[in-house]
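1. sequence first, predicted coordinates after that:
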Amino acid sequence: RTPLHCDPTENITLVLEGTKLFRLFPPYAAPFLKPLGGWFAAASCWLSGVVPAVYCARDAFAALPEGAPKPLDVELKPGDALYLPCGWWHAVVGSKEPNM
């Protein structure tokens, strides 16, 4: 399970074995997610395209404050691919069986 984060670069995930559950939040959810290091760190990371990603102390699977955008859950199975634009917040949970 990954912590909730956003990446300054695009991502493509392809599942070959097992499953992966992505919990996604749009970039405009950032004020509700409270990025570690604040807005400056998040904007700096996004504008420069420099990895590492910006992390969040919130649990992606816990309740969010009222007014926060609802998450989008996407489950990938073998052969599925997901394109994730930069700036989208996400946490990933892999299946118990081997996954990649």
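-> All right, it came through fine. Note that this is a predicted model, so its numbers are computed, not measured. Numbering: from 1, shown residues only.
2. all the strands of the protein, residue numbers only.
-> Taking DSSP state E as the test, the strands found in the chain are 5-6, 11-14, 20-25, 54-55, 72-76, 81-84, 89-94.
3. quick check: which of those is nearest to Ala63?
-> Go through the strands of the chain one by one with CB to CB and the one that ends up closest to Ala63 is strand 20-25, at 12.8 Å. Glycine gets a C-beta too; all of them are placed from N, C-alpha and C.
4. make TSV out of the strands of the chain and add mean neighbour count.
-> Supplementary listing: those in TSV, determined by neighbours: other CB atoms under 10 Å:
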stretch	mean neighbour count
strand 5-6	20
strand 11-14	12
strand 20-25	19
strand 54-55	22
strand 72-76	15
strand 81-84	13
strand 89-94	21
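5. least reliable of those going by mean pLDDT?
-> Within those, the least confident segment by mean pLDDT turns out to be strand 54-55, at a mean of 79.
6. so what strands line up beside that one?
-> Paired neighbours of strand 54-55 in the sheet (DSSP bridges): strand 5-6 (antiparallel).
7. can you tell me the closest non-neighbouring residue to Tyr55?
-> Taking CB to CB, 6 or more residues apart in numbering, and ignoring the residues beside it in sequence, Tyr55 has His5 as its nearest neighbour in space, at 4.6 Å.
8. relative to Asn11, how far out is that neighbour?
-> Shown here: His5 relative to Asn11, a distance of 11 Å by CB to CB, to the nearest Å.
9. any idea which helix or strand in the protein has the lowest mean pLDDT?
-> Within the chain, no helix or strand scores below helix 38-48, which has a mean of 68 by mean pLDDT, DSSP states H and E.
10. Glu75 and Thr19 touch, don't they?
-> Yes. With contact defined as CB atoms under 8 Å, Glu75 reaches Thr19; the gap is 5.9 Å.
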